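1. take a look and give me a structure for this.
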Amino acid sequence: MNIDKFREELEKRLVGPIFLLQKLLPMLRVMQGRVLWISTPSLLPVPYVADIHAPDFAVNYLARTLNIELCTDGIKNVLIRCGGIKTSSPQRTETCFLEMFDHWPKEIINVYKDRLIRLRKNMELFNRRRTDPEKVAMLVYKILNKKSPKTRYQVGYMSNLGSCFEKLPQSWVDFIMKRKEC
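-> Next up is the predicted model:
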């Protein structure tokens with residue numbers, strides 16, 4: 001994992017949104033607004049993309065916690081958990097793979113090469129099934145216009161499966177994901 005890129009992901013996906021929320025809280029209290037968090041289900045441990053999923057795991061936690069903390073202010077936090085959505089993310093991941101193969105020392109490439117090639121092939125299959133982003137926009141519109149929205153929604157390829165996995169004991173999920181890898 002590139003630590004600098006991981007820090008950047010934490011800033012973009014976690015620190016920045018929290019900073020913005022803190023600035024908007026006074027207005028949200030007056031208007032009894034709602035906060036929509038858009039994240040991946042991220043409760044599934046996906047090897048080699050932890051730099052993306054770890055911040056989303058924290059977003060899941062924050063949305064749930066803030067829903068409790070801010071309920072007395074009338075501010076509802078809604079978590080939209082996206083599965084595979086057609087975004088620029090697959091291209092960024094592909095670029096990241098190519099950079100790894102070009103810049104990593106040979107001894108590290110020797111350890112990870114086969115694993116990353118397998119992951120890359122799996123990602124190609126996944127990417128072909130991604131959901132159009134318009135479905136996310138339609139869900140956001142629906143939530144913003146609902147009088148009393150739920151606290152969690154899912155949208156996108158495999159998001160329902162991620163939601164089902166969340167109901168399982170974490171040790172089962174880890175076992176299933178590990179079997180896929182080993």
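
2. need phi/psi at the spatially most central residue of the chain.
-> Centroid-nearest residue in the chain: T40, 2.5 Å away (criterion: Cα atoms, centre = their mean). Main-chain dihedrals, T40, degrees, to the nearest 10: phi -90, psi 160.

3. now stretch 148-158, how far from the chain's geometric center?
-> Relative to its chain's centre, stretch 148-158 lies at 13 Å (Cα atoms, centre = their mean, to the nearest Å).

4. show me the contact partners of it.
-> With Cβ atoms under 8 Å, 6 or more residues apart in numbering as the test, stretch 148-158 has contacts from 34, 41, 63-64, 67, 76-85, 126, 129-131, 135-136, 139, 143, 160, 162-163. All C-beta spots, glycine's among them, are computed from the backbone N, C-alpha and C.

5. and what of stretch 127-142?
-> Residues outside stretch 127-142 that contact it (Cβ under 8 Å, 6+ apart): 36, 38, 80, 82-87, 90, 153, 155-158.

6. run through the helices of this protein in chain order.
-> Using DSSP state H, the helices of the chain run over 3-10, 16-31, 50-69, 89-103, 106-128, 133-145, 159-166, 170-181.

7. ok, and the closest non-adjacent residue to the residue nearest to the centre of the chain?
-> Leaving aside its sequence neighbours, T40 sits nearest to D56 (Cβ to Cβ, 6 or more residues apart in numbering; 4.4 Å).

8. and this structure, split by domain according to the record?
-> As given by automatic domain parsing, the domain ranges for the chain are 3-86+132-181, 88-129.

9. kindly reformat these as JSON lines containing mean pLDDT.
-> What follows is those, written out as JSON lines (pLDDT from 0 to 100):
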{"stretch": "domain 3-86+132-181", "mean pLDDT": "89"}
{"stretch": "domain 88-129", "mean pLDDT": "83"}
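
10. please identify the most buried of these.
-> Most buried of the domains of the chain, by mean neighbour count (mean count of other Cβ atoms under 10 Å): domain 3-86+132-181, with a mean of 15.
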